[in-house]
Structure formats: C-alpha cells, structure tokens
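# Got a sequence here, can you model it:
(4 chains)
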Protein chains: 2
Amino acid sequence: MGHKGEALRQRIVASADQLFYRQGYENTSFSDIAEDVGISRGNFYYHFKSKDEILCAVIDTRLTGIERMLDEWTSQYTDPMQRIVKHIDILTSHQDDIISHGCPVGSLCTELAKSHHSMLQDATKMFSVQRDWLTVQLKELGLGKEAKQVAMHLLARAQGIATISNAFDDKSFLRQEVKRLKQWLDERVY
Amino acid sequence: MGHKGEALRQRIVASADQLFYRQGYENTSFSDIAEDVGISRGNFYYHFKSKDEILCAVIDTRLTGIERMLDEWTSQYTDPMQRIVKHIDILTSHQDDIISHGCPVGSLCTELAKSHHSMLQDATKMFSVQRDWLTVQLKELGLGKEAKQVAMHLLARAQGIATISNAFDDKSFLRQEVKRLKQWLDERVY
DNA sequence: GACTAATTAGGACGACTGTATTATTTTATT
DNA sequence: AATAAAATAATACAGTCGTCCTAATTAGTC
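Numbers count the residues shown, from 1 in each chain, chains lettered A, B, ... in the order given. The predicted model follows:
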C-alpha cells in the first residue's frame, strides 16, 4: 500500500490552489496544473477524477488553512480587539497578492456565482468561518445581537478594499483604507 | 451605404452586455451571443472581428450608460447629498441583479485582472468616472483634498456590499448595509 | 433593371478542453 | 525473486472554442 501518493496529491492541490488564485478556476486547465506540478495529465487524472473534485480539494485546503489561522490568533492573543485587528491586517500582510489577484475567497465566489457552479455554497463557507469567528470576538467586546451584523460588515469592508485596490492596482489606497477601517473599529467598539 | 447594420450591431452589444454580466466574459462564447441575438456566427464575425473587439464595445456602452446616468442625476437634483444618495441607491434599485450576478463593473474587473487582460484599464474607467463624479459632489458639500479619498471609499463600500451579498445570496444584508452606508454618510458629511 | 456594395449564412480549420482508457513503470508485500 | 498493487505515462475521444474563408442573399445606386 503506497502512501507516497499522498504527498504528490498535496503538491497537486497546492499548485491548483495557486493557479486558481492567479488565473481563476475556469481559466486553469488540467494541463496547466500538471505542467506546474511536473507530472503528466494521465497521472493527474489518477488522483482527481474530475475538475470539480480538485476544486473541492482546494476549497477544503483553504478552509482548514483559514481555520488554523483563526485558531492561532485565538490562542495567541487574549484581547478580542487585538484579534480583530489581526484579521484586518491580512489585507496589508498579503497586500502584494491582493493588488495582483484580489481576495482568494471573494474572487472565487464571484467566479463560481457567475458560472452557476454548485460548489459556490462550499466556497462561501470560507466567508462564514471568518464571520462566525469575528462574531465571537465582537461579542466578547460587549456587542450583543448586532455582533453578527458587524462581523458581516467587516467582511464586506475587506472585500471592497480588495476588489477596488485590485482593479486600480493601487497599493496606497489599500493601506489608507485599512487605516480607516481600524479607526472605524476603534470608534465603533469602545 | 447601409446604415441598417448599425441597429443589429447595437442588438449584439446589448446581448453580449447581458451575457457577460450573467455568465462572465471568458465563459461566454460567440455561439452564445449569436444564439441570443438570433443570427449566425458568421454574421457575428462580420460585425466584430475578435472577442476583444466586442468586449471593447460592451465596455464603451456601459461607460456611456454610466455617464448618462450621472449626468441625469446632476441635472435632476441640485443637492449634492441627494445625488450621492441616489448613487448609493443603485444597490437597492438593482438588488435582484446584484444578488444573482454581483456588480457588473466589479465582477468584470475581477475577471479581467485574473486573466491578465489588457482591457482591464478600460474597464477600470467605469470606476474612475463614478469616483470623479462623486468627488465633485463631495467637494460641493465642503470637503477639500480628502474628497477623492472619500469617493474611493464609497466605491469600495459599494463593492464590498455587492460581492458579499452575491456570495451569500443575501438580500437583507444588502439592504441593511445600504442603510448603514447612508447613515455613515449623514454622520461624516454634515 | 443592371451593377456594386453591404450584409448574412454556413461551414472548415487547428487548437484546446475535460474525460476516459490502456500500457508501462515503480513500489510494497510475501 | 515473484507477485500484486499502486502510481505514472501516453494516447484517444468527442466536444467546444475563436478564427477565418467562401458562397448566397439583401439593399442601395446609377
């Protein structure tokens, strides 16, 4: 029984993840991924029987990555405010990628929504996980029933920043808006 | 000299406009457009020699549509605040389309950025026109050098609302965020 | 009505796509 | 070392894509 294939499988998912982010899902072919990994298309098909299947694997990988990131922040910081600021700082820490390719979650959801792809709901879970985590932090800060709404608001703010700074290829706008968002958070949540 | 072809040309652009919005640019083929218009692919190619060419025509059409809309509001309302509110209200007046297909400008820019398409800058002009118009209104409201930044901020807010409400298929979130945005405008610009 | 230009239709071309099947090589187990 | 399983490669297939070419039809002009 060869467990060697598992390593290659992960390499394939990692390549697909990057390519989907940089070129989009539909615009990335089996050949693109196979070439990037350095294997043949036939071998590729041994590990993933369809394109939907690898998209599913990519979404799962991204999802667990997001969850691991959030868990890390939860254990690393005790102040909910610090945690939320850390979340906002994703925009600046990934600014170059966002300028070039937008938000990996938002752009994928936008694409899947247009192609009426059945996996849109799975992709949206990448948002839901963040929303729920932010909601917990906001409730710890004293917010009540409106915590979830504010969490959604934070997601939307980040999305807008990513989309616009990507379209305009404008890094200074991204930084300026991040500052504005933190400022709003300070005023809104005391 | 037959000027009859001009009418068909506009029908083609109108169909392409809708299809690009609902399915995305790359995911819409010549056959899709031709079938929607009710003509043959050969005839189609007579009016547009390449796919880039029709994309250019669609962007131009959308651009003049946006400019006409803004001009109308400029002449229809004297209060800059009313004008800006009218702009924000695009989100609610087009809410069903936005829920289903996102923002026509933002989603196109996102797609063109991913495919590294040369026409991304032309598409971004659909944003610039709105930004400049909003800047004028904000300056009339008394804002100075920061007017342009606030205008960009408004665009980003609208983009975030469109992207998130599209991904979540959540109309109530859209309406709620529009209300929040107007509220922010009232507090920010006295 | 004849003639020319504008317009439409139809089909052919090579390239690429996702999918599928088969053959070959490598790995693991006995 | 022999054998079975896993993994990799190579290729074929039907479909679609953007593009291009050619024939047929329509419309406008003298």
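# Can you give me the buried ones in stretch A:25-35?
When burial is assessed from 16 or more other Cβ atoms under 10 Å in any protein chain shown, stretch A:25-35 yields the following buried residues: A:Y25, A:E26, A:N27, A:T28, A:F30, A:I33, A:A34. For the C-beta atoms, the positions are set from N, CA and C on the backbone; glycine is no exception.
# Tabulate those (CSV), appending pLDDT, distance to DNA strand D and secondary structure.
Putting those into CSV (pLDDT from 0 to 100; distance: Cβ to the nearest atom of the strand, whole Å; DSSP: H, G, I helix; E, B strand; the rest coil) gives the following:
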residue, pLDDT, distance to DNA strand D, secondary structure
A:Y25, 98, 16, coil
A:E26, 97, 11, coil
A:N27, 97, 12, coil
A:T28, 97, 16, coil
A:F30, 95, 9, helix
A:I33, 97, 12, helix
A:A34, 96, 8, helix
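# which ones among those residues come in contact with chain B?
Restricting the buried residues of stretch A:25-35 to those touching chain B (Cβ under 8 Å from any Cβ of the partner chain) yields A:E26, A:N27.
# Could you dump the buried residues of stretch A:25-35 into a markdown table with distance to B:C109 added?
Shown next, in a markdown table, are those (distance: Cβ to Cβ, whole Å):
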| residue | distance to B:C109 |
| --- | --- |
| A:Y25 | 17 |
| A:E26 | 17 |
| A:N27 | 15 |
| A:T28 | 19 |
| A:F30 | 27 |
| A:I33 | 25 |
| A:A34 | 30 |
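# and which of the buried residues of stretch A:25-35 is nearest A:V85?
Taking Cβ to Cβ as the measure, A:V85 lies nearest A:Y25 of the buried residues of stretch A:25-35, at 31.6 Å.
# so which helix or strand takes in the nearest residue to that closest one once chain neighbours are set aside?
Setting aside the residues directly before and after it, A:Y25 is nearest to A:E111 in space (Cβ to Cβ, 6 or more residues apart in numbering or on different chains), at 5.7 Å. Assessed by DSSP states H and E, A:E111 sits inside helix A:104-114.
# Can you give me the buried ones in the helix or strand that that helix is followed by?
Using DSSP H and E, the helix or strand that directly follows helix A:104-114 along the chain is helix A:120-140. For helix A:120-140, the neighbour count (16+ other Cβ under 10 Å) marks A:120, A:123-124, A:126-127, A:129-131, A:133-139 as buried.
# Go ahead and flag the most central residue of chain A.
A:V105 (3.9 Å; Cα atoms, centre = their mean).
# ok now do that one, which residues does it touch?
A:R62, A:A123, A:M126, A:F127 (Cβ atoms under 8 Å, 6 or more residues apart in numbering or on different chains).
# out of the buried residues of helix A:120-140, what pair is the most spread apart?
Taking Cβ to Cβ as the measure, these span a maximum distance of 28.3 Å, between A:L120 and A:K139.
# Can you get me a residue count around the residue in chain A positioned nearest to chain B?
Closest approach between chain A and chain B, counting by Cβ to the nearest Cβ: A:G160, at 2.9 Å. Other residues within reach of A:G160, judged by other Cβ atoms under 10 Å in any protein chain shown, total 28.
# A:I88 versus that one, what's the distance?
In this view, A:G160 and A:I88 are 13 Å apart by Cβ to Cβ, to the nearest Å.
# ok so, going back, which one among the contacts of A:V105 gets closest to DNA strand C?
Closest approach to DNA strand C among those (Cβ to the nearest atom of the strand): A:A123, at 17.4 Å.
# Surely that closest one touches A:I59?
Yes - if you go by Cβ atoms under 8 Å, A:A123 and A:I59 touch, sitting 5.7 Å apart.
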